[in-house]
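Participant: Next input, structure requested:
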Amino acid sequence: MTGVVKTILRSLQNSPKAPGDVVSETRLPRYLVLASFRCLEELGLIETFYSRGSYKLYVLTDKGQEILEGEGAPSSLDEEEGTMAA
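Facilitator: Alright, predicted model coming up:
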């Protein structure tokens with residue numbers, strides 16, 4: 001798992017956050033956080049907690065928590081890492 005993915009998952013571990021909150025907290029580039037959120041949501045590691053218009057809050061799923069704790073990684077995560085790390 002890349003550092004970016006771990007950083008984002010850790011950021012969402014304790015409370016729901018909007019992508020902008022993660023950008024502020026982690027100082028990762030906004031474009032990278034937004035692209036990562038899309039991938040992580042498709043992989044089922046995060047999900048929308050609240051949505052109103054274009055504003056969304058995301059939370060870590062149980063699957064995302066397992067990944068963060070190192071209990072296992074879906075094979076597609078390895079494929080996505082190359083995309084996110086670039």
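
Participant: Give me the buried positions along the longest helix seen in the chain.
Facilitator: Selection of the longest helix in the chain by residue count, based on DSSP state H, yields helix 30-42. Buried positions in helix 30-42, judged by neighbour count with 16 or more other CB atoms under 10 Å: 32-33, 36-37, 39-41. Where C-beta positions appear, they are placed from N, C-alpha and C, glycine not excepted.

Participant: Mind giving me the packing neighbours of it?
Facilitator: On a contact count with 3 or more CB pairs under 8 Å, 6 or more residues apart in numbering; DSSP states H and E, helix 30-42 meets helix 3-12, helix 19-26, strand 46-52, helix 75-85.

Participant: where does residue 15 fall, phi/psi-wise?
Facilitator: Main-chain dihedrals, residue 15, degrees, to the nearest 10: phi -160, psi 150.

Participant: Against residue 35, how distant is it?
Facilitator: From residue 15 over to residue 35 the distance is 22 Å, taken as CB to CB, to the nearest Å.

Participant: Just want the angle from the longest helix of the chain to helix 19-26.
Facilitator: Put simply, helix 30-42 runs at 120 degrees to helix 19-26, going by axes from the mean of the first three to the mean of the last three CA atoms, to 10 degrees.

Participant: how about helix 30-42 as CSV, C-alpha atoms only?
Facilitator: Provided in CSV are the C-alpha atoms of helix 30-42 (Å, rounded to 0.1, in the frame of the first residue of the first chain):
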residue,chain,number,x,y,z
ARG,A,30,-5.9,18.3,-3.7
TYR,A,31,-5.9,16.6,-7.1
LEU,A,32,-4.2,13.5,-5.6
VAL,A,33,-6.7,13.3,-2.7
LEU,A,34,-9.7,13.6,-5.0
ALA,A,35,-8.3,11.0,-7.4
SER,A,36,-7.5,8.7,-4.5
PHE,A,37,-11.0,9.1,-3.0
ARG,A,38,-12.5,8.0,-6.2
CYS,A,39,-10.3,4.9,-6.3
LEU,A,40,-10.8,4.1,-2.7
GLU,A,41,-14.6,4.4,-3.0
GLU,A,42,-14.6,2.1,-6.0
